[in-house]
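[1] how would this look folded up:
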Amino acid sequence: MSEQDRNLRAKRFPNTTTLLTSERDTGGKLLEYDEEKITKLSSELFNALRMLRELSELPKDEFLSNPHYVASAKYFLIVAIEAATDICNHIISRNKLRVPEDYADTFRVMKEAGFFDDEFAERLMRMARFRNRLVHIYWNVDDELIYEILQGDIEDLEEFIDRLMGNLRKL
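    All right, here's what the predicted structure looks like:
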């Protein structure tokens, strides 16, 4: 989007904060800060984590032998990671931070702004890259890896909620 288009949009919609996202993510569309959308995204994240927790309680053999369990886990991982990324993009928009280059960079921007420490941001960036594997290289994701993620790594998304969601009212 050109500078002229951004200025025109700002004149037409003076009470909104917008974030230009990279064309790889949204086709160059503007993302507006929207508290109602954050509430919806938070709800989706909580629901996905609840479903992932249920799947994590299954014995490994039962999980791996049922393609519906594996597919559900993959889907809910994508939803949870997408929701976390989208929530961060709204915070980035609200705080007028730099535009992320890709999904993983969203968490780097949050780290640069002081929302996350280096170690936690790196774990979230790995998660975002894994989301890309699930979406784009889905045929080459080992089901046992999905089970391992259910056993430990979804705690990072729960930590995301603890660290960030409690502070949303302050933003």
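[2] so which residue is dead centre in the chain?
    The centroid of the chain falls nearest to residue 85 when counting by CA atoms, centre = their mean (2.4 Å).
[3] assign a three-state SS to it, would you?
    Following DSSP: H, G, I helix; E, B strand; the rest coil, the label given to residue 85 is helix.
[4] that one: what's it in contact with?
    103, 106-107, 128, 131 (CB atoms under 8 Å, 6 or more residues apart in numbering). In short, each C-beta sits where N, CA and C put it, glycine included.
[5] can I get the residues you listed in TSV with neighbour count?
    Converted to TSV, the contacts of residue 85 look like this (neighbours: other CB atoms under 10 Å):
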residue	neighbour count
103	26
106	27
107	25
128	22
131	20
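[6] quick check: buried residues in stretch 93-111?
    For stretch 93-111, a neighbour-count test (16 or more other CB atoms under 10 Å) marks 93-94, 97, 99-100, 102-111 as buried.
[7] circling back: turn the contacts of residue 85 into JSON lines, columns for secondary structure.
    Formatted as JSON lines, the contacts of residue 85 follow (three-state DSSP):
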{"residue": "103", "secondary structure": "helix"}
{"residue": "106", "secondary structure": "helix"}
{"residue": "107", "secondary structure": "helix"}
{"residue": "128", "secondary structure": "helix"}
{"residue": "131", "secondary structure": "helix"}
